[in-house]
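Student: The sequence and its predicted three-dimensional model are supplied below.
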Amino acid sequence: MAGDSVTDPVGGGTSTIDRELEELLNGEITEDGDHDRFAHYVPKDKIVESAVTGKPVRALCGKKWVPGRNPDRFPVCPDCKRIYDRMQD
């Protein structure tokens, strides 16, 4: 991923992501369902914070969970990828 974090990959800011998440989700995705079968895009600093504190992270697609599995074993979440690609434009 380009940039230091997903929230500011090219100087955007969190308000853009928050607005897109609200538009796409109109609610909150939980840990149930197909989202558990994908690797998700999350800011690196949030992953580190979660590893230290146990605090959940939120992916671009809206999934909220405490990471514990190796994401290299899963395909990339299509919703996260689509949102990230739109942010690059």
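Tutor: Arrived safely, thanks for sending. Here the structure is a predicted model, which is why all the values come from computation and not from measurement.
Student: can you give me the end-to-end distance of stretch 49-69?
Tutor: End-to-end distance of stretch 49-69 (Cα to Cα, to the nearest Å): 16 Å.
Student: Only the buried residues of it, if you could.
Tutor: Across stretch 49-69, burial judged by 16 or more other Cβ atoms under 10 Å covers 50, 57-63, 65, 67. All C-beta atoms are positioned from the backbone trio N, CA, C, and that covers glycine.
Student: Could you do stretch 68-86 as well?
Tutor: Per 16+ other Cβ under 10 Å, stretch 68-86 contains these buried residues: 77, 79-81, 83-84.
Student: quick one, strands of this structure?
Tutor: Counting by DSSP state E, the chain has strands at residues 57-58, 64-65.
Student: least trustworthy helix or strand in the protein by mean pLDDT?
Tutor: helix 14-25 (a mean of 59; mean pLDDT, DSSP states H and E).
Student: just to revisit the earlier point, so which of the buried residues of stretch 49-69 belong to helices?
Tutor: Judged by DSSP state H, the buried residues of stretch 49-69 include Ser50 as members of helices.
Student: Is it possible to get CSV of the buried residues of stretch 49-69 that adds pLDDT and distance to Val42?
Tutor: Shown next, in CSV, are these (pLDDT from 0 to 100; distance: Cβ to Cβ, whole Å):
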residue, pLDDT, distance to Val42
Ser50, 94, 8
Val57, 95, 5
Arg58, 95, 7
Ala59, 96, 5
Leu60, 95, 8
Cys61, 95, 10
Gly62, 93, 11
Lys63, 93, 9
Trp65, 91, 10
Pro67, 89, 7
